[in-house]
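In: Predicted structure and sequence below. I'll ask about it afterward.
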Amino acid sequence: MSRGARPDRTRRRLLAGAVAVGCGVVWRPALALSEVLSGTLRGYTGGAPTREGKVNFDIAPLVENGNTVPITVTVDSPMTAADHVQAIAVFNEKNPQREVIACKLTPRMGRASVSTRIRLATTQQLVAVARLSDGSHWTQTVDVVVTLAACIE
Amino acid sequence: MKARGAAVAWLLACAAALAQTTPANTRRSGFETMSPRIQAMQRDDQQNPGMLWVADGEVLWNKIFGISFSCASCHGDARKSMRGVAAHYPDWDPIEKKPLDLTQRINLCRTRHQQVLPLPPESEEMLGLEAYVAYQSRGMPLTPSPARELDAPRERGRRLYEQRIGQLNLSCSLCHDKLPGHVLAGATIPQGHVNGYPTYRLEWQGMGSLQRRIRNCLSGVRAEPPPFNSDEMIELELYLAQRSAGMALETPSVRP
Amino acid sequence: MARSLIHAPATARKGEVVEIRTLIAHPMETGYRAGADGRTLPRDIIRRFACRYNGEVVFSADLYPAISANPYLAFSVVADASGTLTFTWEGDNGFAQTESATITVS
């Protein structure tokens, strides 16, 4: 979820600056996050650091059709008033726009898990980010290979 | 090089084994070639997007059109009256004296009995009704009609199926009888059975009939697709139904 | 009124975490596709979904063009009191739809 509606140009300058400053704070995961997604994440978290973990981004590594790709994002959390997931967002690398979905969760859900179906324009990287009630951000990055249908209209 | 030689030999052996049509005991529904996640999408009625059309169809089944009456007025509860019906289509119509598929049958009911206009092919209403009616036969084996008048059209359909067409000069049989399981442009070639129509195709992000799917294949080989409900289409559907005879109906299926 | 399918249990034990599954018919036109005439088809998507449990928002989501047509959303809810689950979808071109389901919690 973007924090306020800044015009793209300004946002990009801000993000570029933030990336330069904040780069060293992000713990590089086993899967290297692309520059595009690093920037997008920074915009989402407002520059706050993110860590890999707690988030399970369930998506097929090879999808038959990029038009309808089932995903489930689950976050390891007790979902109590004191300790719960406040938000889950998913971003992509190569679609026409970065955002996929941005959810707001409450402890009344009992479990931090959301399933939906998404569109992927091409083979690319995706990241799911969760914001916890203590303000921390956790991510998981996935690489997905997208094949296209052979026979179309 | 050795591996490639072995692969070619294996390919030729496969082609030889599948020389004619696919024998009944080696037939596999398109369902089996899908990934587990997409299989789950079809299997679970709570997730299957095709169920949106089945729900639409149920409403239309009970809807009174114009000053006329509803499908239910004559056919009552579809769960009883339509059970097994979709499984034997396309069938022979003794009045029109030609074969017709399920959508044409539905439209004939509308024009002959309900006195209302026919639904256009691939319209949301037609897909809903077709899905709802076919859904009542889910799980039942495809059982082609034994009407003798269908023999000649079905044979014409078989010849169409085996005829090379289009700029790419391919026949249905070449891909779907001889090369299923192989990969074409990133997509696994299925055996091309018709046990799940109308289907929710992920590529369409919507519901579509067998005729729409066949037209996609024909575009794929750069052939001119025949118009909806043309004789060639129905004859092809007839042959395909025979080719898939005995397989369980999966409507509403989900396919990539 | 777009066709929608909601799967929520009619009854549950107090404190039980129940699965909610929602499907709604909608083309989710991205705004990036060209039509047959070559001109870009305007965006027409559902932008927001919310689930309210006895009036209070339990789960909500902002949807973007990357969500597939006929959006499917599944999530869970703690059955803490009998009452009504309300589901709302809002989007472009004034799209607005509300569906409800009652739940009895014992």
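Out: Thanks, I have the structure now.
In: and stretch A:135-153, is it in reach of chain C?
Out: No. Judged by CB under 8 Å from any CB of the partner chain, stretch A:135-153 stays clear of chain C, getting no closer than 10.4 Å. (C-beta placed from N, C-alpha, C; glycine too.)
In: which of the residues in that stretch are buried?
Out: Within stretch A:135-153, the residues scored as buried using 16 or more other CB atoms under 10 Å in any protein chain shown are A:H137, A:W138, A:T139, A:Q140, A:T141, A:V142, A:V144, A:V146, A:T147, A:A149, A:A150, A:C151.
In: Extract the CA atoms of it and return them as PDB.
Out: Taking C-alpha atoms only, stretch A:135-153 is exported to PDB below (Å, rounded to 0.1, in the frame of the first residue of the first chain):
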ATOM      1  CA  GLY A 135       6.300  -2.100  13.200                       C
ATOM      2  CA  SER A 136       8.700  -4.700  11.700                       C
ATOM      3  CA  HIS A 137       8.600  -5.700   8.100                       C
ATOM      4  CA  TRP A 138       9.100  -9.300   6.900                       C
ATOM      5  CA  THR A 139       9.400 -10.500   3.300                       C
ATOM      6  CA  GLN A 140       9.800 -13.500   1.100                       C
ATOM      7  CA  THR A 141      11.000 -13.200  -2.500                       C
ATOM      8  CA  VAL A 142      10.100 -15.700  -5.200                       C
ATOM      9  CA  ASP A 143      11.100 -16.200  -8.800                       C
ATOM     10  CA  VAL A 144       8.400 -17.500 -11.100                       C
ATOM     11  CA  VAL A 145       8.700 -18.800 -14.700                       C
ATOM     12  CA  VAL A 146       5.700 -18.000 -16.800                       C
ATOM     13  CA  THR A 147       4.800 -20.000 -19.900                       C
ATOM     14  CA  LEU A 148       2.300 -18.900 -22.400                       C
ATOM     15  CA  ALA A 149      -0.600 -20.800 -24.100                       C
ATOM     16  CA  ALA A 150       0.300 -22.200 -27.500                       C
ATOM     17  CA  CYS A 151      -3.100 -21.800 -29.100                       C
ATOM     18  CA  ILE A 152      -5.000 -18.500 -28.500                       C
ATOM     19  CA  GLU A 153      -7.900 -16.700 -30.100                       C
END
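In: close to chain B, is it?
Out: Yes. Using CB under 8 Å from any CB, we find that stretch A:135-153 touches chain B at A:T147, A:L148, A:A149, A:A150, A:C151, A:I152, A:E153.
In: per-residue confidence for the third one?
Out: It refers to A:A149. With respect to pLDDT, A:A149 scores 74.
In: dump the residue contacts of it.
Out: A:N65, B:A187, B:L202, B:E203, B:P256 (CB atoms under 8 Å, 6 or more residues apart in numbering or on different chains).
In: likewise B:S171?
Out: Here B:S171 is in contact with B:Y161, B:E162, B:Q163, B:R164, B:I165 (CB under 8 Å, 6+ apart).
In: Counting neighbours, which of those comes out on top?
Out: B:Y161 (19 neighbours; other CB atoms under 10 Å in any protein chain shown).
In: got a pLDDT number for that one?
Out: 97.
In: Give me the distance between it and B:A55.
Out: According to CB to CB, to the nearest Å, B:Y161 and B:A55 sit 34 Å apart.
In: go on, B:N25?
Out: 36 Å.
In: higher neighbour count, these two?
Out: B:A55 (18 against 5).
In: Give me the pLDDT for that one.
Out: 97.
In: so when I look at it, I'm seeing a helix, right?
Out: Yes. Under DSSP: H, G, I helix; E, B strand; the rest coil, B:A55 falls within a helix.
In: Now for it: which residues touch it?
Out: Going by CB under 8 Å, 6+ apart, B:A55 touches B:G128, C:R3, C:L5.
In: want to try JSON lines for the residues you listed, with distance to chain A and pLDDT as columns?
Out: Compiled in JSON lines, the contacts of B:A55 are given as follows (distance: CB to the nearest CB, whole Å; pLDDT from 0 to 100):
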{"residue": "B:G128", "distance to chain A": "20", "pLDDT": "98"}
{"residue": "C:R3", "distance to chain A": "17", "pLDDT": "95"}
{"residue": "C:L5", "distance to chain A": "14", "pLDDT": "96"}
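In: Around chain C, which positions in chain A sit nearby?
Out: A:1, A:67-70, A:72, A:92, A:95-97, A:99-111, A:113-120.
In: if you set the cut-off to 6 Å instead, what comes out?
Out: A:68, A:95-96, A:99-104, A:106, A:108-111, A:114-119 (CB under 6 Å from any CB of the partner chain).
In: Okay, and which of the residues you listed map to strands?
Out: Here DSSP state E is the test, and those give A:E99, A:V100, A:I101, A:A102, A:C103, A:K104, A:V114, A:S115, A:T116, A:R117, A:I118 as lying in strands.
In: residues near residue 91, how many?
Out: Since no chain was named, I'll use chain A. When neighbours are counted by other CB under 10 Å, A:F91 comes out with 27.
In: my question was about chain B
Out: 21.
In: Repeat that for A:P96.
Out: Neighbourhood size, A:P96 [other CB under 10 Å]: 12.
In: Quick check: chain neighbours aside, which residue is closest to it?
Out: Leaving aside its chain neighbours, A:P96 sits nearest to C:Y32 (4.7 Å; criterion: CB to CB, 6 or more residues apart in numbering or on different chains).
In: Which pLDDT value does the model give the one you found?
Out: pLDDT, C:Y32: 93.
In: so it touches A:R119, yeah?
Out: No. Using CB atoms under 6 Å, C:Y32 makes no contact with A:R119, being 10.0 Å away.
In: Who are the contact partners of the residue lying farthest from the centre of chain A?
Out: Going by CA atoms, centre = their mean, the residue of chain A most distant from its centre is A:E153, 32.5 Å out. By CB atoms under 6 Å, 6 or more residues apart in numbering or on different chains, the contact list for A:E153 reads B:N216.
In: Let me know the secondary structure of the residue nearest to A:P96.
Out: Assignment for C:Y32 (three-state DSSP): coil.
In: What is the burial count for it?
Out: Residue neighbour count, defined by other CB under 10 Å, stands at 14 for C:Y32.
In: residues in contact with the residue in chain C positioned nearest to chain B?
Out: For chain C and chain B, the shortest gap (CB to the nearest CB) falls at C:A69, measuring 3.7 Å. Contacts of C:A69 were listed using CB under 6 Å, 6+ apart, and they are B:Q205, C:P27, C:M28.
In: what do you get if the cut-off is 10 Å, keeping everything else the same?
Out: Contacts here follow CB atoms under 10 Å, 6 or more residues apart in numbering or on different chains; on that basis C:A69 touches A:67-68, A:117, A:119, B:49, B:202, B:204-206, C:25-30, C:45.
In: Equivalent analysis for B:S68, please.
Out: B:R110, B:H113, B:Q114, B:Q115, B:V116.
In: Apart from its chain neighbours, what residue comes closest to it?
Out: B:Q114 (4.3 Å).
In: And the one you found, what's its pLDDT?
Out: In this prediction, B:Q114 carries a pLDDT score of 88.
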